[in-house]
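Undergrad: Need coordinates for the below:
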Amino acid sequence: MLPWKRVLRPLAALLLTAAVAVVPAATTAQAAETAAASSSGWNDYSCKPSAAHPRPVVLVHGTFANSVDNWLGLAPYLTNRGYCVFSLDYGQLPGVPFFHALGPIDKSAEQLSAYVDSVLAATGAAEADVVGHSQGGMMPRYYVKFLGGAAKVNALVGIAPSNHGTTLAGFTNLLPYFPGAQDLLSAATPALAQQVAGSDFMTRLNAGGDTVPGVRYTVIATKYDEVVTPWRTQFLTGPDVKNVLIQDRCAIDISEHALLGLTDRIAFHEVANALDPARATPTTCASVFS
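TA: Next up, the predicted model:
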């Protein structure tokens, strides 16, 4: 075995072991958070969309995240504004609960498809709006493009989405210099390998254009993103696309990749505008107070 493999294998194992090690406490915490979310109207399957907000909102978490922690900021923000809000867990690896979105992205898209069907059946709505962070902003594009999601999704909002993959600030460019590294990454965490810029998955996803007819696309990015790099690759090209750099709305907003989806109320305001463009209001630095 090459020396670097002796380091890489234990490192990968250590990351997953660390995830499993915190599972008892994390799972208990997640269960409590899920119950609290449901009681507050989030993931409430008795919720019926209003005339003002006729479509349920499905939130799709990012890599290494889950259906609760990723949305402790945005879900209440939307439910307080009268939306029926739902979130799912997807991309689970065997033996690694709590930290999700690591499995094959095409399989995760199938999970999203089934989940959207369940939300539409429960709410009686004909379409849903989808909001995702990181991988969760990109993966629904596979659902929309290849799994019939275009007929069921009105708007897709990506917060710091990995739409064209990432170089991780150039780190992924080093993979070819380590024979077998790509194969090891693909075997251990398929979704990470698939999100590398230039991967077979990314090539297929974006072949023939970024968008499909009938879906409104919004991308919200930050120039301080250190995960999906270069940040401009998050933007989409095509009809009915709105690309937003959050610093164009508030120059002093220094949110990076994670905070843009977790806590940034300026980004949340842009999400609300994307969900209800007829009632959109200008997004400024003061949007943190709205």
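
Undergrad: how about low-confidence regions in the stretch 151-290 of the chain?
TA: Along the stretch 151-290 of the chain, the parts satisfying pLDDT under 70 run over 169-187.

Undergrad: and residue 126, helix, strand or coil?
TA: Under DSSP: H, G, I helix; E, B strand; the rest coil, residue 126 falls in the coil class.

Undergrad: correct me, but it touches residue 120?
TA: Yes. Shown here, residue 126 and residue 120 form a contact pair, counting by C-beta atoms under 8 Å, at 7.1 Å. Bear in mind the C-beta positions are built from the backbone N, C-alpha and C, glycine included.

Undergrad: Which one's more surrounded, the two?
TA: Using other C-beta atoms under 10 Å as the criterion, residue 126 and residue 120 rank with residue 120 on top: 17 against 11.

Undergrad: list the contacts for the more buried one?
TA: Counting by C-beta atoms under 8 Å, 6 or more residues apart in numbering, residue 120 touches 56, 126, 127, 128, 152.

Undergrad: and with 7 Å instead?
TA: 128, 152 (C-beta atoms under 7 Å, 6 or more residues apart in numbering).

Undergrad: Which parts of the stretch 1-150 of the chain are strands?
TA: 57-60, 85-88, 128-133 (DSSP state E, counting those that start in this stretch).

Undergrad: Dump these into JSON lines; add mean pLDDT, mean neighbour count and distance to residue 47 as well.
TA: Converted to JSON lines, the strands of the stretch 1-150 of the chain look like this (pLDDT from 0 to 100; neighbours: other C-beta atoms under 10 Å; distance: least, C-beta to C-beta, whole Å):
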{"stretch": "strand 57-60", "mean pLDDT": "98", "mean neighbour count": "28", "distance to residue 47": "10"}
{"stretch": "strand 85-88", "mean pLDDT": "98", "mean neighbour count": "24", "distance to residue 47": "8"}
{"stretch": "strand 128-133", "mean pLDDT": "98", "mean neighbour count": "27", "distance to residue 47": "12"}
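
Undergrad: Using CSV, lay out these together with distance to residue 261.
TA: Below are the strands of the stretch 1-150 of the chain laid out as CSV (distance: least, C-beta to C-beta, whole Å):
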stretch, distance to residue 261
strand 57-60, 10
strand 85-88, 12
strand 128-133, 3
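
Undergrad: I'd like to know which of those is closest to residue 45.
TA: strand 85-88 (8.0 Å; C-beta to C-beta).

Undergrad: Output the closest one as PDB - backbone C-alpha positions only.
TA: The C-alpha trace of strand 85-88 is given here as PDB (Å, rounded to 0.1, in the frame of the first residue of the first chain):
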ATOM      1  CA  VAL A  85     -42.700  23.800   5.700                       C
ATOM      2  CA  PHE A  86     -41.300  20.300   5.500                       C
ATOM      3  CA  SER A  87     -37.800  18.800   5.600                       C
ATOM      4  CA  LEU A  88     -36.400  15.400   4.900                       C
END
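
Undergrad: Show me how far stretch 52-59 is from its chain's centre.
TA: Centroid separation between stretch 52-59 and its chain, computed with C-alpha atoms, centre = their mean, to the nearest Å, is 17 Å.

Undergrad: now do stretch 243-260
TA: Using C-alpha atoms, centre = their mean, the offset of stretch 243-260 from its chain centre is 17 Å.

Undergrad: Buried by neighbour count: which residues of it qualify?
TA: Of the residues in stretch 243-260, 243-247, 249-250, 253, 255, 257-260 count as buried by neighbour count, 16 or more other C-beta atoms under 10 Å.
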